[in-house]
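Visitor: All I have is the shape, not the residue letters:
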Ligand code: G
Ligand code: G
Ligand code: MN
Ligand code: NA
């Protein structure tokens, strides 16, 4: 309860901060986007990772105002970088179930774009596999509306749920982000690497882009390149970066 109380106050007190993790094209080696990842700078506990407060924010409904702050902040930050002449990145923002289920989802996203002045081409929304395939809350209709605005949709943690690629292929999805457990086990598990190869192959046949999450080693990178996985993200390239570190990185690329 203590945590819930301070979570409520944290928004007013400006205790949330966004980190940014770059996403790379594995064939050219160039970054094309970043994913916004929220952190809580608790006055006493220090940095609290999202795994410890996102579930609570979902249970209490706080994810709605928090998610609003996250989307606006991410879009404004990205537009600021673009205005400064830094290399333009696509900004990816994670959405949780409660956010997707809101009736005004599409208008809300449009408002954040208007507010920041960011072109919809530069926005990507990440939803988990289990949310994407839900036949509720008009999710399919909402995804089509977002896509029609020019926003990209990606499916996070792919491979951990129970969706079929053929079902996902009916949805307006651009990218599958393969869960990092498959990448972690490339060298140690024949089964994981076989599944990984099959996912990459099938996704390519369906014209979906595949991004490997959690790339940590050169060996994993070479495996992914060899099997034509086009995109990747992970500690091998960068950890999630503070605004200052991200800016330094953008300046090096620019
Ligand atoms: O950054 P980290 O690896 O600790 O993130 C852990 C989890 O928290 C991830 O599953 C991620 O999707 C989720 N998460 C991080 N940032 C956000 C956010 O801005 N919104 C939502 N809904 N989830 C987030
Ligand atoms: O669920 P989602 O993919 O949105 O969450 C991303 C989370 O994965 C973040 O918490 C981020 O810190 C973490 N992450 C990013 N890259 C790596 C990596 O290479 N290895 C590990 N173990 N975690 C990573
Ligand atoms: Mn994500
Ligand atoms: Na993930």
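Guide: Nice, thanks for sending it over. Computed from a predicted structure; not experimentally measured. Ligands and ions are numbered 1, 2, ... in the order given.

Visitor: Contact distance from ligand 4 - what residues of the stretch 51-200 of the chain qualify?
Guide: By CB under 5 Å from the ion, the part of the stretch 51-200 of the chain that sits against ligand 4 consists of 156-157. Any C-beta I mention is one placed from the backbone N, CA and C, and that applies to glycine too.

Visitor: Please enumerate the helices of the stretch 51-200 of the chain.
Guide: The residue ranges that make up the helices of the stretch 51-200 of the chain, judged by DSSP state H, counting those that start in this stretch, are 54-59, 63-83, 97-100, 105-116, 129-132, 139-148, 165-169, 180-184, 190-205.

Visitor: Give me the nearest residue to residue 147, chain neighbours excluded.
Guide: Leaving aside its chain neighbours, residue 147 sits nearest to residue 172 (3.9 Å; criterion: CB to CB, 6 or more residues apart in numbering).

Visitor: What's the local residue count around that neighbour?
Guide: Taking other CB atoms under 10 Å as the neighbour definition, residue 172 ends up with a count of 14.

Visitor: could you list every residue that touches it?
Guide: If a contact means CB atoms under 8 Å, 6 or more residues apart in numbering, then residue 172 has 143-144, 146-147, 153 as its contacts.

Visitor: And the furthest pair within those residues?
Guide: The largest distance within those, taken as CB to CB, falls between 144 and 153 and amounts to 9.7 Å.

Visitor: Give me the more crowded residue out of the two.
Guide: In this view residue 144 and residue 153 are compared by other CB under 10 Å, and residue 153 has more residues nearby, 21 against 15.

Visitor: For the more buried one, which residues count as its bridge partners?
Guide: Listed by DSSP bridges, the beta-bridge partners for residue 153 are residue 125.

Visitor: So it versus residue 188, what's the distance?
Guide: Here the criterion is CB to CB, to the nearest Å. By it, residue 153 lies 32 Å from residue 188.

Visitor: ok, back up a step: averaging pLDDT over each of the helices of the stretch 51-200 of the chain, which comes out lowest?
Guide: Note on the helices of the stretch 51-200 of the chain: helix 165-169 shows the lowest mean pLDDT, a mean of 84.

Visitor: Could you pull out the buried residues of that one?
Guide: Of all the residues in helix 165-169, those buried under the rule 16 or more other CB atoms under 10 Å are residue 168.

Visitor: just stretch 228-239 next, same as before
Guide: Buried residues in stretch 228-239, counted by 16+ other CB under 10 Å: 229-234, 236-238.

Visitor: so, in contact with ligand 1 or not, that stretch?
Guide: No: Stretch 228-239 does not reach ligand 1 (CB under 6 Å from any ligand atom); its nearest approach is 9.4 Å.

Visitor: Spatially, what comes nearest to residue 3 if we skip its sequence neighbours?
Guide: Taking CB to CB, 6+ apart, and ignoring the residues beside it in sequence, residue 3 has residue 56 as its nearest neighbour in space, at 6.4 Å.

Visitor: What residues does the one you found make contact with?
Guide: With contacts defined as CB under 8 Å, 6+ apart, residue 56 is in contact with 3-4, 7, 62.

Visitor: Where helices are concerned, which of the residues you listed count?
Guide: By the criterion of DSSP state H, membership of the contacts of residue 56 in helices covers 3-4, 7.

Visitor: Now a PyMOL select for only the buried ones of those residues.
Guide: Applying 16+ other CB under 10 Å to the ones in helices among the contacts of residue 56, the buried members can be selected in PyMOL as follows:
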select buried, resi 7
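
Visitor: Please produce CSV containing the ones in helices among the contacts of residue 56, extended by distance to ligand 3.
Guide: Compiled in CSV, those are given as follows (distance: CB to the ion, whole Å):
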residue, distance to ligand 3
3, 23
4, 24
7, 21
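
Visitor: what's the closest of the ones in helices among the contacts of residue 56 to ligand 4?
Guide: Minimum distance to ligand 4 across those is 22.4 Å, recorded for residue 7 (CB to the ion).
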